[in-house]
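In: All I have is the shape, not the residue letters:
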């Protein structure tokens, strides 16, 4: 009776039909053995085809051995008295065998077989009915071996495939802390990466209050923000760090007011990522050249020729540094901070974290060391931070105004130019000292030159003309329509910023 229960399904667990019994690989024992132990003359066939077929037959042979052991184990524990559905085939005995396994080899063999069988949707439903999720989570706790834990994560991934309801069940399960414990720096980085892939696919659900045409995701387990944040460090493994930042990027799309404390800690961990090693060298050299120029000219920066010379020198120093692969991490960190800056509760926090200086350095960096997407995000971040009095006061300092003028002159992105014009116009309207400092830095000559190059972009042309009016002593309430157009363009650009390859729930 037990043999009929175990072998009533084909390799994928489907019910075996009488007509197909002759072709079932589980019943081709002689053919399997013949293939696995071939002679030298038959082994001379096409190597690629034999390797592929050999791997398939080997998996089936291992599955048959595990099923035989599960049959023996189930016979000892009385299958008839257990809560195994009669149509679950071998899945129930396999889960019982995994639950009672005491060594890693047996557990890994059971997990491999279950992953193979869960390729079928009906089998996944049967495993859910048999409470296989609890068995997998307990396996994570029982076996500290990293390979066994990775196979358990793969089994969970197979079980939760495209099932939104099971995601909530997983993170409400009393044993889900076993997943959180894997997200620790004491674990191997490759195992943390595997766990982050599972977390990213399962920890989000569509928010019930989101719009149907643009659904937003909400985090099921809030503690994940703090746990994943603890993994972030500039010296962390790059692959693991990329997965952690990608998760936080998705989580920051919808910030719950109850999670503010966790995001506060995350902001402080993200800011150091905005200054990769190559950028630190170039920005510090540029800063030294600017300081030297300021001291020798007695702070008289009215000469546009001097401004161009300093800018060119800084760009040459930046071009000496090769592109740093860490810029990908800097862009991801900038994207998360940009999402946080959309909320009023974080704007003073971002100032306290020191976001302004790294953002200005990104704007002033050479195009060879930083992509334009990062500069657009830096511009949007500074524009959002204008709503904070502390941030406005910081941006009104002469050094920061000078850096923005440098970026305005060197940037090749129209969106960055429009954003900077909006920022400088807002600062000029809020503080009379800003207009004086900009004139001293040669901003009038710069804007007059820029006016000829951006004539094709209506928003940029309006922004230049408005800023010129403010610098030349025009009334503050003049040309309000151009300022409104500029603000609309700046905000629309910020809403459209996306990281390449970061959309969706991919790995």
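Out: Received it, and whenever you're ready, just let me know what you need. Model, not experiment: these values are computed from the prediction. Numbering: from 1, shown residues only.
In: thought residue 238 was touching residue 332?
Out: No: Residue 238 is beyond contact range of residue 332, at 11.3 Å (criterion: Cβ atoms under 8 Å). No exception for glycine: its C-beta is placed from N, CA and C like everyone else's.
In: Of the two, which one has the most company?
Out: Set residue 238 next to residue 332 and count neighbours by other Cβ atoms under 10 Å: residue 332 wins out with 22 against 13.
In: Which of the helices or strands spans the residue nearest to the more buried one when sequence neighbours are not counted?
Out: Leaving aside its sequence neighbours, residue 332 sits nearest to residue 245 (Cβ to Cβ, 6 or more residues apart in numbering; 3.9 Å). Per DSSP states H and E: residue 245 is located in helix 238-251.
In: Which other helices and strands does the helix or strand following that helix contact?
Out: As assigned by DSSP H and E, the chain's next helix or strand after helix 238-251 is helix 260-270. Helix 260-270 is packed against helix 223-229, helix 327-341, helix 347-353, with contacts defined by 3 or more Cβ pairs under 8 Å, 6 or more residues apart in numbering; DSSP states H and E.
In: try 10 Å
Out: Packing contacts for helix 260-270, counted by 3 or more Cβ pairs under 10 Å, 6 or more residues apart in numbering; DSSP states H and E, involve helix 223-229, helix 238-251, helix 327-341, helix 347-353.
In: which one of those is the most hemmed in?
Out: Ranked by mean neighbour count under mean count of other Cβ atoms under 10 Å, the helices and strands packed on helix 260-270 are led by helix 327-341, which reaches a mean of 24.
In: same for that one, what does it pack against?
Out: Contact partners of helix 327-341 among helices and strands, from 3+ Cβ pairs under 10 Å, 6+ apart: helix 238-251, helix 260-270, helix 277-296, helix 347-353, helix 356-364, helix 372-385.
In: I'd like those helices laid out as JSON lines, including mean pLDDT and distance to residue 449.
Out: Output for those, formatted as JSON lines (pLDDT from 0 to 100; distance: least, Cβ to Cβ, whole Å):
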{"stretch": "helix 238-251", "mean pLDDT": "94", "distance to residue 449": "38"}
{"stretch": "helix 260-270", "mean pLDDT": "92", "distance to residue 449": "36"}
{"stretch": "helix 277-296", "mean pLDDT": "38", "distance to residue 449": "20"}
{"stretch": "helix 347-353", "mean pLDDT": "89", "distance to residue 449": "32"}
{"stretch": "helix 356-364", "mean pLDDT": "90", "distance to residue 449": "18"}
{"stretch": "helix 372-385", "mean pLDDT": "91", "distance to residue 449": "20"}
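In: will you turn those helices into TSV that also has distance to residue 116?
Out: Converted to TSV, those look like this (distance: least, Cβ to Cβ, whole Å):
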stretch	distance to residue 116
helix 238-251	26
helix 260-270	39
helix 277-296	45
helix 347-353	48
helix 356-364	48
helix 372-385	42
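In: among those, which is nearest residue 392?
Out: Closest approach to residue 392 among these (Cβ to Cβ): helix 372-385, 8.1 Å.
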